[in-house]
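Asker: the following comprises the amino acid sequence and a computationally predicted model.
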Amino acid sequence: MDIVKKFGLKVKKVRLSKQMSQGNLAKKLGVGPSYISQIERGVQNVSLRGIEKIAKALNVSIKELI
């Protein structure tokens, strides 16, 4: 499986474990829900800074997402 898809699935798994909607995560990050959907489906490649922001928004370590 492609690393972008693996990362997206991990983001989704962590987000759901925190009982957070895509909309809530998007709001914390200042992006649209469709962007979160693209990340979770492995369509959108995320930068290192983006990974850091997602980790902070989900209140987890970067290591947990990777």
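Answerer: All right, it came through fine.
Asker: who does the helix or strand of the chain with the lowest mean pLDDT touch, helix- and strand-wise?
Answerer: Every helix and strand of the chain was ranked by mean pLDDT, DSSP states H and E. The lowest is helix 62-65, at a mean of 94. In terms of contacts (3 or more Cβ pairs under 8 Å, 6 or more residues apart in numbering; DSSP states H and E), helix 62-65 is packed against helix 3-17, helix 48-58. (Each C-beta comes from the backbone N, C-alpha and C, glycine too.)
Asker: just the CA trace of that helix, in PDB.
Answerer: Provided in PDB are the C-alpha atoms of helix 62-65 (Å, rounded to 0.1, in the frame of the first residue of the first chain):
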ATOM      1  CA  ILE A  62       3.800  12.800  15.000                       C
ATOM      2  CA  LYS A  63       5.200   9.300  15.600                       C
ATOM      3  CA  GLU A  64       1.600   8.000  16.300                       C
ATOM      4  CA  LEU A  65       0.500   9.200  12.900                       C
END
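Asker: sorry, back to before: relative to Val31, which of the helices and strands packed on helix 62-65 is closest?
Answerer: Among these, helix 48-58 comes nearest to Val31, with 9.3 Å by Cβ to Cβ.
Asker: pull the residues that contact the closest one.
Answerer: Helix 48-58 has contacts (Cβ atoms under 8 Å, 6 or more residues apart in numbering) with 7, 11, 14-15, 18, 20, 25, 28-29, 39, 46, 61-62, 64-66.
Asker: so which of those is the most crowded?
Answerer: Ile39 (26 neighbours; other Cβ atoms under 10 Å).
Asker: low-confidence ranges in this protein?
Answerer: Nowhere does the chain drop to pLDDT under 70.
Asker: what residue lies at the spatial centre of it?
Answerer: Note on the chain: the residue nearest the mean C-alpha position is Val11, at 4.0 Å, using Cα atoms, centre = their mean.
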